[in-house]
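A.B. asks: predicted coordinates and the sequence they were generated for:
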Amino acid sequence: MNVLEQTEETLKQQIRDAVLRAGLASEEEIPEMVLEKPKDKRHGDFATNIAMQLARVAKKAPRQIAEELVNVFDRVKASVEKVEIAGPGFINFFMKEDFLGSIVPNILQEGEAYGRSRAGNNERVQVEFVSVNPTGDLHLGHARGAAFGDVLCNVFDAAGYRVEREYYINDAGNQIDNLALSIEARYLQALGQDVPMPEDGYFGEDITEIGKQLREEYGEQWVQKDREERLAFFKEYGLSYELGKIKEDLQAFKVHFDSWFSERSLYKENKIGETLEKIATYTYEKDGATWFRSTEFGDDKDRVLIKQDGTYTYLTPDIAYHKNKLDRGFDQIINVWGADHHGYIPRMRAAIQALGYPAEKFSVKIVQMVNLFADGEKVRMSKRTGKAVALRELIEEVGVDAVRYYFVMRSNDSQLDFDMDLARSESNDNPVFYVQYAHARICTMLKQAEGKGLSFDCDADVSLLTAEKETDLLKKLAAFPQVIADAARMQTPHKVTQYVFDLASLLHSFYNAEKVLDTDHLERTKARIALMQAVKITLANGLRVLGVTAPEKM
RNA sequence: GUCCCAGUAGCUCAGCUGGAUAGAGCAACAGCCUUCUAAGCUGUGGGUCGCAGGUUCGAAUCCUGCCUGGGACGCCA
């Protein structure tokens, strides 16, 4: 707990004591104390709405309650300078002047750890994301899921959760058979044969490339072979080719996984059979298929588990997979899915309940679609036509920093317009530059300070930081750990982009208003250097959570 | 028809576990570089928070209905 949080705790306690002393409510009647930090400075450093909340219990008007409370409030103990009652009954607290400055040495001491907290109580969280079928390139839509999932994990980590990142590899089933068929067609085409692609085949350029590669390596060798053998080989060849590319792309995007879970392993270890047995009471036979009575748990309709032809639907191994995840003892398992899969949620939740697990442990974050604009036109994204812009291409043209920042800038619930031309132009409309520039600016100042022999001094008198732009910065700096904790609790990583942007904005504003390096005011200069150091650390920590670099100069 | 997401400034979006005068970026307009990086700053204008009810001291926020846009409703994955 830092100095600021202690200040806040003490204040809450003093308010509680005052309520009791004034006889406004009993211990149990006091609602959970919420201290807000008013946006408007005229409303003080902290404000509480307790008087309004107590109106019913105390059977008095909020403003009267507030007055009685303020009369017995112990200002000295709470380090409060001034208390005001305002509006419908808000109580505004103005703290003694120097309480904010203490955050600076605090940040300097914590360094890279500033912003981290124990808010998550070491809860074990697993996030499964991306999990793209190894049948084509990662493209724009996947990139959003990748950025969102990765930053969400970073946020969890910083907020004191134990987090694991996992990728589920669909290396079994229909889509992989289809991959083999598509490769076969492209291979034969590469040899000049006029064969059609399978109707549900994969039309990406990567498949054509695989076909060519096979011709280079094996010539016509595979034409004569038994078809089953050929397809089996193409399947493995394609799988490792596609998976290799996915891994490369993710690495380039700075997204790393703790584990890669193979669907095949579920077959090998008979996990699917076990799972089916476990939910047997909720299954039945109809029309030659095996059904899961998911309607019992609120799903729209029952779902097929084993098809007429004896093979599993996609759902069946997926249930086994989720059982496996829950058996690993996570407190929470979170899936990041595209909006087109939202209809899948009720059946999976039903399956988890049928397995006897609490549904609350399972949740899905839906990431809405990305609309791509290029040459002023909306580009349709489709895996089938292979027209989508690949993540790799995007990174090359725009850069990892900008792509990551852009994709977590907005709520996952909102659709995202991604303008290729704008991103490609590297114009200053891109907010990531704005934030990075703030960091680089500070680095330059600190370097110059060093050159002038004004290197950072631990004994800086931070109580000198009382200019308006300075207190604005101090307040923002102090809020950082709570921002991270909130972003984790509410699973809203975009709050972090919002935060670094706001902090950068305050820094730029301060920079233009006040001079930092001023040999005529040595003490103030020292204090400001310390402040700059604190801002730099906080910006860098925020950017690190986003997976965006913090450049020393630009 | 059912379900999910969105609807807030000209545009793109924050704000949504109820709180004070609804915010930011871009665009528009007017200023600021002999001074630590002008990729920056300062100021101005711009709003029936989709519509209609309801809940209460108080609603952009919660509830109900409707409208509009996007998505999903396979023995595909």
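C.D. replies: Structure received.
A.B. asks: contacts and neighbour counts: CA atoms only from here.
C.D. replies: Fine.
A.B. asks: would A:A550 count as being in a strand?
C.D. replies: No. Counting by DSSP: H, G, I helix; E, B strand; the rest coil, A:A550 falls outside a strand, being coil.
A.B. asks: number of residues surrounding it?
C.D. replies: 23 (other C-alpha atoms under 10 Å).
A.B. asks: does stretch A:320-333 reach RNA strand B?
C.D. replies: No. Stretch A:320-333 stays out of contact with RNA strand B when judged by C-alpha under 7 Å from any atom of the strand, the minimum separation being 13.2 Å.
A.B. asks: where does the stretch 1-150 of chain A have low pLDDT?
C.D. replies: A:1-2, A:97 (pLDDT under 70).
A.B. asks: ranges for the helices of the stretch 1-150 of chain A?
C.D. replies: Under the criterion DSSP state H, counting those that start in this stretch, the stretch 1-150 of chain A contains helices at A:3-21, A:50-53, A:55-58, A:62-72, A:75-78, A:103-110, A:140-158.
A.B. asks: can you put these in TSV and add distance to A:D518 and mean neighbour count?
C.D. replies: TSV is the format used below for the helices of the stretch 1-150 of chain A (distance: least, C-alpha to C-alpha, whole Å; neighbours: other C-alpha atoms under 10 Å):
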stretch	distance to A:D518	mean neighbour count
helix A:3-21	29	17
helix A:50-53	45	22
helix A:55-58	53	14
helix A:62-72	43	19
helix A:75-78	36	15
helix A:103-110	20	19
helix A:140-158	36	25
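A.B. asks: export these to TSV and append columns for distance to RNA strand B.
C.D. replies: Compiled in TSV, the helices of the stretch 1-150 of chain A are given as follows (distance: least, C-alpha to the nearest atom of the strand, whole Å):
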stretch	distance to RNA strand B
helix A:3-21	15
helix A:50-53	5
helix A:55-58	7
helix A:62-72	8
helix A:75-78	18
helix A:103-110	18
helix A:140-158	12
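A.B. asks: now those helices in CSV, with distance to A:D417?
C.D. replies: As requested, these are exported to CSV (distance: least, C-alpha to C-alpha, whole Å):
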stretch, distance to A:D417
helix A:3-21, 39
helix A:50-53, 42
helix A:55-58, 47
helix A:62-72, 46
helix A:75-78, 48
helix A:103-110, 37
helix A:140-158, 11
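A.B. asks: point out where the stretch 301-450 of chain A drops to low pLDDT.
C.D. replies: Looking along the stretch 301-450 of chain A with the criterion set at pLDDT under 70, you get A:380-387, A:426-428.
A.B. asks: ranges for the helices of it?
C.D. replies: Here the stretch 301-450 of chain A has its helices, by DSSP H, counting those that start in this stretch, at A:315-327, A:345-354, A:391-398, A:400-408, A:420-424, A:431-451.
A.B. asks: in CSV: those helices, plus mean neighbour count.
C.D. replies: Shown next, in CSV, are the helices of the stretch 301-450 of chain A (neighbours: other C-alpha atoms under 10 Å):
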stretch, mean neighbour count
helix A:315-327, 19
helix A:345-354, 22
helix A:391-398, 17
helix A:400-408, 23
helix A:420-424, 16
helix A:431-451, 19
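A.B. asks: save those as JSON lines, and put in distance to A:I91 too.
C.D. replies: Listed next are those as JSON lines, based on distance: least, C-alpha to C-alpha, whole Å:
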{"stretch": "helix A:315-327", "distance to A:I91": "47"}
{"stretch": "helix A:345-354", "distance to A:I91": "45"}
{"stretch": "helix A:391-398", "distance to A:I91": "49"}
{"stretch": "helix A:400-408", "distance to A:I91": "36"}
{"stretch": "helix A:420-424", "distance to A:I91": "47"}
{"stretch": "helix A:431-451", "distance to A:I91": "35"}
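A.B. asks: residue ranges of the strands in the stretch 201-350 of chain A, please?
C.D. replies: With strands called from DSSP state E, counting those that start in this stretch, the stretch 201-350 of chain A shows them at A:259-262, A:283-286, A:289-292, A:303-306, A:332-338.
A.B. asks: how far does the last one sit from its chain's centre?
C.D. replies: Between the centre of strand A:332-338 and the centre of its host chain there is 11 Å, according to C-alpha atoms, centre = their mean, to the nearest Å.
A.B. asks: ditto for the first one
C.D. replies: Mean C-alpha position of strand A:259-262 versus that of the full chain (C-alpha atoms, centre = their mean) differs by 21 Å.
A.B. asks: tell me which strands it pairs with, and in which orientation.
C.D. replies: strand A:162-169 (parallel) (DSSP bridges).
A.B. asks: RNA strand B contacts on the stretch 351-500 of chain A?
C.D. replies: So far as C-alpha under 7 Å from any atom of the strand goes, the stretch 351-500 of chain A lies against RNA strand B at A:368-369, A:410-417, A:428-429, A:431, A:433-434, A:437, A:440-441, A:443-445, A:448, A:486, A:495, A:498.
A.B. asks: quick check: closest non-adjacent residue to the residue of the stretch 151-300 of chain A at minimum distance from RNA strand B.
C.D. replies: Taking C-alpha to the nearest atom of the strand, RNA strand B has its nearest neighbour within the stretch 151-300 of chain A at A:D287, 4.0 Å off. Nearest-residue entry for A:D287: A:Q308, 7.5 Å, with adjacent residues in sequence omitted and distances by C-alpha to C-alpha, 6 or more residues apart in numbering.
A.B. asks: tell me the phi and psi of the one you found?
C.D. replies: phi -50, psi -40 (degrees, to the nearest 10).
A.B. asks: what residues sit buried inside stretch A:495-503?
C.D. replies: By neighbour count on 16 or more other C-alpha atoms under 10 Å, the buried set for stretch A:495-503 is A:495-497, A:499-501, A:503.
A.B. asks: I'd like those as CSV, with pLDDT and secondary structure appended.
C.D. replies: What follows is the buried residues of stretch A:495-503, written out as CSV (pLDDT from 0 to 100; DSSP: H, G, I helix; E, B strand; the rest coil):
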residue, pLDDT, secondary structure
A:K495, 97, helix
A:V496, 97, helix
A:T497, 97, helix
A:Y499, 97, helix
A:V500, 97, helix
A:F501, 96, helix
A:L503, 97, helix
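A.B. asks: export those residues to JSON lines and tack on distance to A:A51?
C.D. replies: Below are those laid out as JSON lines (distance: C-alpha to C-alpha, whole Å):
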{"residue": "A:K495", "distance to A:A51": "30"}
{"residue": "A:V496", "distance to A:A51": "32"}
{"residue": "A:T497", "distance to A:A51": "35"}
{"residue": "A:Y499", "distance to A:A51": "31"}
{"residue": "A:V500", "distance to A:A51": "34"}
{"residue": "A:F501", "distance to A:A51": "35"}
{"residue": "A:L503", "distance to A:A51": "33"}
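A.B. asks: distance from stretch A:414-432 to the middle of the chain?
C.D. replies: Per C-alpha atoms, centre = their mean, the centroid offset for stretch A:414-432 relative to its chain is 19 Å.
A.B. asks: again with stretch A:133-153
C.D. replies: Stretch A:133-153 sits 12 Å away from the centroid of its parent chain (C-alpha atoms, centre = their mean).
A.B. asks: now swap in stretch A:436-444 and tell me
C.D. replies: Worked out by C-alpha atoms, centre = their mean, stretch A:436-444 lies 25 Å from the chain centre.
A.B. asks: same thing with stretch A:356-365?
C.D. replies: Using C-alpha atoms, centre = their mean, the offset of stretch A:356-365 from its chain centre is 19 Å.
A.B. asks: repeat that for stretch A:500-507.
C.D. replies: The chain centre lies 20 Å from the centre of stretch A:500-507; the measure is C-alpha atoms, centre = their mean.
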